[in-house]
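Visitor: Return atomic coordinates for the entry below.
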Amino acid sequence: MQRRRFMAAATGLLGLASIGWPGAPVPGEIDQGAPLSSGRHLYRGADLAFGTTVTIQVVHDNEAAAQAAIREAFAEAHVIDRLMTVHRNDSQVQILNRRGRLDMPHPHLLAVLREAYRMSALTDGAFDITVQPLWHASHGLCDRAVARELVGWHDVFADERAVRLQRTGMAITLNGIAQGYATDTALAMLRAHGIADALINIGEFFGSGRHSSERSWQVGIADPRTSEQMLHAVRLDGRSLATSGDYATAFRSDFSLHHIVDPATGESPVELASVSVAAPTAMLADGLSTALMVMGTERGMELVRKMPGVDALFVGKDGVQRASGGFPWI
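Guide: Here you go, the predicted model:
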């Protein structure tokens, strides 16, 4: 299930990830847009991954090269999705969850686990991939008190030989970080093909270079309480932008119970409706947007101020907004 209502691209339409931009290619297709003033073209592709529609736009002067780059970037996203989803029994994450051990983890999985460990330490455990039992508890699949005892990021051990969960019944979810990693990996693939100007949306946005000489890549952040309205327009200045919110998968109409849980309490955090994070990598933006929902505005702002290249917008359930000084407004 989609865990957040995605930000919109420069067209101004909200929910780009699910409904597309006007005239967008259907998943699996790549089209060539109108020529830009530079003489180059905007090539746009869509595909299906991570349970939703993902999109890549690149500016280039060679159609064959642009299409090859987009296809290979999508292919890498599919590999990461298959490795890390909890919706396939043969994914490496699900094999680990069933057995408590995974031998010879894929380098992609190992890279994400290492960043997840760093993120947990950075946020004092507000980000914790071992919250999967609490997700099961929210669906009535296990007792919440039992699930809380199975949460603990310190008890995941990973190296090139194996990944181990130290307690029987532990389980992980990478939903709060895997799409960010896929975004970064797709960007690396595009750059390997010589493409400098691209906008990637694989759950998190990354704008590399510019849309044209006249303007940068721009996206809109959805209002957490009005699905068809844009809260703010944002300039992607060589950073990624990720948003987490209580509205993406809510279990109560008042948004008091939703898919994000505080690992320390097992309950959904009560202060914030959404957090948007601009960061140098999509994986960092992805993980932080989840962690800051748990930490709240004051603790979250304190952390953001210590992190070079990171800014955040906090939106309370009461509608009050607070942003760090470098947040990339338009």
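Visitor: Point out where the stretch 51-200 of the chain drops to low pLDDT.
Guide: Scanning the stretch 51-200 of the chain for pLDDT under 70 picks out 139-141.
Visitor: do that again at 90, thanks
Guide: For the stretch 51-200 of the chain, the stretches with pLDDT under 90 are 51-52, 134-146.
Visitor: now the helices for it?
Guide: Under the criterion DSSP state H, counting those that start in this stretch, the stretch 51-200 of the chain contains helices at 63-84, 92-99, 107-122, 132-138, 144-149, 178-192.
Visitor: tell me the most buried of those helices?
Guide: Most buried of the helices of the stretch 51-200 of the chain, by mean neighbour count (mean count of other Cβ atoms under 10 Å): helix 178-192, with a mean of 24. Where C-beta positions appear, they are placed from N, C-alpha and C, glycine not excepted.
Visitor: count of neighbours near residue 308?
Guide: 6 (other Cβ atoms under 10 Å).
Visitor: Does it belong to a helix, a strand or coil?
Guide: Following DSSP: H, G, I helix; E, B strand; the rest coil, residue 308 is assigned to coil.
Visitor: Please report how far it lies from residue 204.
Guide: Using Cβ to Cβ, to the nearest Å, one gets 19 Å for the distance from residue 308 to residue 204.
Visitor: again with residue 294
Guide: Noted for residue 294: a distance of 18 Å to residue 204, by Cβ to Cβ.
Visitor: next one: residue 279
Guide: Distance from residue 279 to residue 204, by Cβ to Cβ: 9 Å.
Visitor: if we can go back for a sec, adding distance to residue 53, write the helices of the stretch 51-200 of the chain out as a markdown table.
Guide: What follows is those, written out as a markdown table (distance: least, Cβ to Cβ, whole Å):
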| stretch | distance to residue 53 |
| --- | --- |
| helix 63-84 | 11 |
| helix 92-99 | 22 |
| helix 107-122 | 22 |
| helix 132-138 | 23 |
| helix 144-149 | 32 |
| helix 178-192 | 13 |
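Visitor: nearest to residue 160, of the ones you listed?
Guide: Evaluated with Cβ to Cβ, these place helix 107-122 nearest to residue 160, the distance being 6.8 Å.
Visitor: Mind listing residues that contact that closest one?
Guide: Contact with helix 107-122 is made by 79-80, 83-84, 92-93, 102, 105, 127-129, 153, 156, 158-160, 163, 174, 177-178, 181, 185, 283-284, 287-288, 291, 303, as judged by Cβ atoms under 8 Å, 6 or more residues apart in numbering.
Visitor: relative to helix 63-84, how tilted is that helix?
Guide: 70 degrees (axes from the mean of the first three to the mean of the last three Cα atoms, to 10 degrees).
Visitor: so how far is stretch 264-274 off the chain centroid?
Guide: Between the centre of stretch 264-274 and the centre of its chain there are 18 Å (Cα atoms, centre = their mean, to the nearest Å).
Visitor: quick one: the lengthiest helix in the chain to chain centroid distance?
Guide: Scanning the chain for the longest helix, with DSSP state H as the assignment, gives helix 282-305. A distance of 13 Å separates the C-alpha centroid of helix 282-305 from that of its chain, computed with Cα atoms, centre = their mean.
Visitor: Pull the helix or strand following that helix out as PDB, backbone CA atoms only.
Guide: As assigned by DSSP states H and E, the chain's next helix or strand after helix 282-305 is strand 311-316. In PDB, the C-alpha atoms belonging to strand 311-316 read as follows (Å, rounded to 0.1, in the frame of the first residue of the first chain):
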ATOM      1  CA  ASP A 311      16.300  21.500   5.600                       C
ATOM      2  CA  ALA A 312      12.800  20.600   6.700                       C
ATOM      3  CA  LEU A 313       9.200  21.900   6.700                       C
ATOM      4  CA  PHE A 314       7.000  20.700   9.600                       C
ATOM      5  CA  VAL A 315       3.200  20.900   9.300                       C
ATOM      6  CA  GLY A 316       1.300  20.400  12.500                       C
END
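Visitor: for strand 311-316, packing partners?
Guide: Applying 3 or more Cβ pairs under 8 Å, 6 or more residues apart in numbering; DSSP states H and E, we find strand 311-316 packed against strand 272-279, helix 282-305, strand 321-323.
Visitor: Kindly recompute the last result at 10 Å.
Guide: For strand 311-316, the packing partners by 3 or more Cβ pairs under 10 Å, 6 or more residues apart in numbering; DSSP states H and E come out as strand 230-236, strand 240-245, strand 272-279, helix 282-305, strand 321-323.
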